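Q: coordinates for the following, if possible.
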Amino acid sequence: MTLARVALFSCAIAVLTGSQSLAQNAPPAAPVTVAKPIIRDVIDSDEFIGRFEAVDEVSVRSRIGGYLQEVHFQDGTMVKQGDLLFIIDQRPYVNALNEATASLEVAKSTLTNADAQFQRTQALAGTGSLSASNLDDRRRDLISAQANVRGAQAAVDRASLDMEYTKITAPLSGRIDRRLISVGNLVQADQTVLTSIVALDPIDFYFDVDERRLLSYADEARKNGSALQQGGGGLDVTVTIADPHQQPFKGKLDFAENRVDNQSGTIRVRARFPNPNFVLQPGLFGRIHVAGSNSYKAILVPDEAIAADQDQRVVYVVGADGGITPKSVRLGPKLYGYRVIRSGMTGDETIVVNGLMRIRPGVKVAPQLIQLPQEASNEEAPSQAAVLGSDQ
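A: The predicted structure is shown next:
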C-alpha cells in the first residue's frame with residue numbers, strides 16, 4: 001500500500017469516528033407538554049375597578065332639642081322603616097302640649113261667646129233697637145275670636161308634632177351604625193348626628209369609563225333604543241370582589257352621568273346589583289366586567305404558553321419532526337381562564353403549553369400531548385395527568 005492510500009484511509013477512519021462521537025454526544029430531545037388551542041364562542045368584556053355604594057343612606061338627626069332618654073336598637077343590626085330608635089325626654093313637650101291645648105279651649109270659649117253676641121246683636125239691629133256700629137263691633141269680635149281659635153289650634157298642632165318628634169324612628173330599612181351619642185347627653189335640633197343607616201338590597205356599584213369606550217357603549221345603547229344615561233337598556237354586567245371563593249355577582253347597568261369630567265376625561269357609570277344575603281357592603285372595592293363586543297369565534301391559549309421576545313409575544317409551534325417554530329401573536333383579554341389570541345394563529349397549531357424554559361434554538365423536543373379543558377381558573381395550569389398516550 002502506498003503512502004497516499006494509507007493517509008487517505010486514516011482520514012476516512014477519523015471522519016467516521018468523529019461522526020459517531022457527535023451522534024453519541026447530541027443533546028437528547030427536551031420533554032415538553034403540548035396542546036391544541038381552545039376554539040369557542042366568546043364575548044369580549046371590559047374590566048373596570050370601582051366601589052360599592054348604598055342606594056339610600058341617611059344620617060339620623062333629631063328635629064327637636066332635648067336630652068336623650070332612651071335607645072331602642074342594637075349597634076349594627078338590621079332595622080325596618082318606622083322602627084323606634086331613640087326617645088328624647090318628653091316632659092317639656094308634654095307640658096307645652098297641655099299649655100297649647102288649654103289655650104285652644106279658652107279661644108274656643110271666647111269664640112262661642114263672640115258668636116252668641118253677634119247673633120243677638122244682629123237680631124236687635126234688624127228691629128232697629130241697636131245701631132249698625134254695634135253690629136260691626138260684634139262682627140269684629142267674632143272674626144277676632146275665630147282667628148284666635150285658628151292660632152291656638154296651630155299651636156296645638158305644633159306642640160303635638162314636637163311631641164311626635166321626641167320618638168325618632170328609622171326613615172328607611174337597612175343596616176344601622178353604632179349609636180354616636182349616649183343616654184343623658186344634650187341633643188341639638190337638626191345638628192347632632194345620632195347614627196346612620198344604609199340600605200343594602202339592592203346596592204349600587206360606581207365606576208369610571210374613558211371616552212373611547214364611553215362612545216362605544218353609547219352607540220350600543222342607541223342601537224337598543226335607549227341611552228347610556230338610562231342604563232343602556234339594562235346591559236348585563238358582572239362584578240367580582242376580593243374573596244376568591246365568591247362567584248361573580250350579576251347585575252345591570254342603571255345610570256351614567258350626563259357629562260364627561262373635564263379633568264379626567266371619564267364619565268361615572270352606575271350598575272345595580274341584588275344583594276339579598278348582604279354580602280356586598282358599601283365602600284367595598286370590586287372589578288366590574290362589561291360586555292364590549294358581540295359573540296365571535298376566538299382562539300384561547302393558556303398564559304403559560306406565551307413567551308416574551310423583546311417587545312413581542314410569541315408562542316412556540318411544534319412541527320411533525322419535533323422542531324420548534326416561534327410565532328408572533330397579538331394578545332386580547334383573558335376569558336374562561338385563557339388568553340384570547342387576536343392575531344398570529346389559525347387555531348390548528350400544536351403549541352407548547354408547559355416546558356418553555358427547556359426550549360433552545362435548534363433543540364428538538366419530545367412532545368407530550370394533552371387536551372385543554374374548555375374552561376380553566378386563572379391559576380390552573382394544564383395537568384400532567386391529562387397527557388394522552390402516556391404510560392400511566
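Q: tell me which helix or strand the nearest residue to Leu235 once chain neighbours are set aside sits in.
A: Nearest residue to Leu235 in three dimensions, chain neighbours excluded: Leu253, at 4.4 Å (C-beta to C-beta, 6 or more residues apart in numbering). In this view, the C-beta of every residue, glycine as well, is placed from N, C-alpha and C. Assigned by DSSP states H and E, Leu253 belongs to strand 249-256.
Q: show me what counts as buried in that strand.
A: Neighbour-count burial for strand 249-256, counted by 16 or more other C-beta atoms under 10 Å, picks out Phe249, Gly251, Leu253, Asp254, Phe255, Ala256.
Q: Throw these into a markdown table and include distance to Asp190 and pLDDT, thanks.
A: Output for these, formatted as a markdown table (distance: C-beta to C-beta, whole Å; pLDDT from 0 to 100):
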| residue | distance to Asp190 | pLDDT |
| --- | --- | --- |
| Phe249 | 38 | 91 |
| Gly251 | 36 | 90 |
| Leu253 | 37 | 85 |
| Asp254 | 32 | 84 |
| Phe255 | 30 | 86 |
| Ala256 | 34 | 84 |
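Q: pick out whichever of these sits closest to Ala307.
A: Phe249 (35.2 Å; C-beta to C-beta).
Q: name the residue closest to the centre of the chain, please.
A: Centroid check for the chain by C-alpha atoms, centre = their mean gives Phe205 as the closest residue, at 2.6 Å.
Q: if you count contacts, what does the longest helix seen in the chain end up packed against?
A: In the chain, taking DSSP state H as the definition, the longest helix is helix 91-127. Packing partners of helix 91-127 (3 or more C-beta pairs under 8 Å, 6 or more residues apart in numbering; DSSP states H and E): helix 132-165.
Q: and the next helix or strand past the helix it packs on?
A: Using DSSP H and E, the first helix or strand after helix 132-165 is strand 167-169.
Q: the strands in the stretch 251-392 of the chain, which residues?
A: 266-273, 285-291, 296-301, 307-309, 312-318, 324-335, 338-343, 351-354, 365-370 (DSSP state E, counting those that start in this stretch).
Q: shaky segments in this protein?
A: The model of the chain has pLDDT under 70 over residues 1-30, 44, 126, 128-131, 231-233, 292-295, 361-362, 377-392.
Q: neighbouring contacts of stretch 247-262?
A: Under the contact criterion C-beta atoms under 8 Å, 6 or more residues apart in numbering, stretch 247-262 has outside partners 204-205, 209, 211, 214, 228-232, 234-241, 266-275, 279-280, 289-290.
Q: let's go with 7 Å and repeat that
A: By C-beta atoms under 7 Å, 6 or more residues apart in numbering, the residues outside stretch 247-262 that reach it are 211, 228-229, 231-232, 234-240, 266-273, 280.
Q: between the two ends of that stretch, what distance do you get?
A: 36 Å (C-alpha to C-alpha, to the nearest Å).
Q: got it, and stretch 346-365?
A: Start-to-end, stretch 346-365 (C-alpha to C-alpha) is 22 Å.
Q: next one: it to chain centre, how far?
A: Offset of stretch 346-365 from its chain centre (C-alpha atoms, centre = their mean, to the nearest Å): 42 Å.
Q: could you pull out the buried residues of that stretch?
A: So stretch 346-365, judged by 16+ other C-beta under 10 Å, has buried residues Glu349, Thr350, Ile351, Val352, Val353, Asn354, Gly355, Leu356, Ile359, Lys364, Val365.
Q: does Val32 lie in a helix or a strand, and which?
A: Applying DSSP H and E, one finds Val32 within strand 30-35.
Q: same check on Tyr217?
A: Applying DSSP H and E, one finds Tyr217 within helix 211-223.
Q: show me which of the contacts of stretch 247-262 are buried.
A: 228, 231-232, 235, 237-239, 266-273, 280.
Q: measure how buried the residue lying closest to Pro367 once chain neighbours are set aside is and give me the count.
A: With sequence-adjacent residues excluded and distances taken as C-beta to C-beta, 6+ apart, Pro367 is closest to Val34, at 4.3 Å. Residues near Val34, counting by other C-beta atoms under 10 Å, number 23.
Q: bridging across strands, which residues link to Val34?
A: Assessed by DSSP bridges, Val34 has beta-bridge partners Val352, Leu369.
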